[in-house]
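1. this one's structure only:
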């Protein structure tokens, strides 16, 4: 395992010497930190299955994040550094334990800052019998080179497409280059994964799921995101699953940036109608009841 001495894993390319104890802009240093590893029942149905299923998506939540979203529901781990230190051997064991518990896939949440550790653990776990698909659960802010490096490691890309407007991306996530970076990364994900494939029980085994969270007061930007997603489909000729979410809840510093309320039915309906108009009909919508705080898992180090 090659630890980063000049870290360029994410689009920030901050150059932190993490081996020497420096911390990157993502918050990650030289010690692997994980906050939770458990079966998760609230991902898209093709990943988690029915909400009442005994199985689910084997989700591992990693500490840190390249983005600085002011409304992040996982802010305790993405922004505040909550996590338990483990080594590669323990991470390998966690992957295998989740498979043994009946996980339909291995779901790596915000993993890029820990790729040297994760790729080694995936290799070791596969040598020891890991066979379930690997899901890369990302905010969409990824380098093409990083995506390409994961060609043989990742089966399913579960990626956000958050913004089209650079000013909005800068205001809410401190990433004015978000749209361009995200679009290039998604294009590479589509090329690598190809069209969605499913097993005999309807669980995805390969493909791309693109998520978009509608934000209160910013439905117009959502409409631009939908248009750009459709253009990506047309340009590549590769279909993907669309997941339009209305679960926004004003966590963390959201209210300070004008996001102190939930999304209205009217705002969400405008975005759904646009997706239908552009033919993005293979996918999922949410009920307004999804905007509830209890859908955020407790980061209590379960399974770590």
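-> Sure thing, it's come through. For clarity, every value in this text was computed on a predicted model and none was experimentally measured.
2. right, and residue 257 touches residue 171 too?
-> Yes - using Cβ atoms under 8 Å, residue 257 is in contact with residue 171, at 6.3 Å. In this view, the C-beta of every residue, glycine as well, is placed from N, C-alpha and C.
3. partner strands of the longest strand seen in the chain and their direction?
-> Ranked by number of residues, the top strand in the chain under DSSP state E is strand 204-213. Strand pairing for strand 204-213, determined by DSSP bridges: strand 156-160 (parallel), strand 197-198 (antiparallel), strand 241-245 (parallel).
4. got a markdown table for the ones you listed, with mean neighbour count, mean pLDDT and distance to residue 234 too?
-> Shown next, in a markdown table, are those (neighbours: other Cβ atoms under 10 Å; pLDDT from 0 to 100; distance: least, Cβ to Cβ, whole Å):
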| stretch | mean neighbour count | mean pLDDT | distance to residue 234 |
| --- | --- | --- | --- |
| strand 156-160 | 26 | 98 | 18 |
| strand 197-198 | 12 | 98 | 21 |
| strand 241-245 | 21 | 97 | 14 |
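5. now render the ones you listed as JSON lines, adding distance to residue 232.
-> Shown next, in JSON lines, are the strands paired with strand 204-213 (distance: least, Cβ to Cβ, whole Å):
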{"stretch": "strand 156-160", "distance to residue 232": "11"}
{"stretch": "strand 197-198", "distance to residue 232": "19"}
{"stretch": "strand 241-245", "distance to residue 232": "11"}
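6. residue 90: which of those is closest?
-> Taking Cβ to Cβ, strand 156-160 is the member of the strands paired with strand 204-213 nearest to residue 90, at 24.0 Å.
7. helix or strand next in line after the longest strand of the chain, which one?
-> Sequence order places helix 219-236 as the next helix or strand after strand 204-213, per DSSP states H and E.
8. how near is residue 254 to residue 102?
-> Going from residue 254 to residue 102 by Cβ to Cβ, to the nearest Å gives 35 Å.
9. more neighbours, these two?
-> residue 254 (22 against 14; other Cβ atoms under 10 Å).
10. what distance do you get for that one to residue 172?
-> Applying Cβ to Cβ to residue 254 and residue 172 gives a distance of 9 Å.
11. overlap in contacts of the two?
-> Common neighbours of residue 254 and residue 172 (criterion: Cβ atoms under 8 Å, 6 or more residues apart in numbering): 70, 71.
12. of the strands paired with strand 204-213, which approaches residue 273 most closely?
-> Using Cβ to Cβ, the nearest of the strands paired with strand 204-213 to residue 273 is strand 241-245, at 10.6 Å.
13. can you tell me what sits against that closest one?
-> 44, 46, 196, 204, 207-214, 229, 268, 271-272, 275, 280-286, 290.
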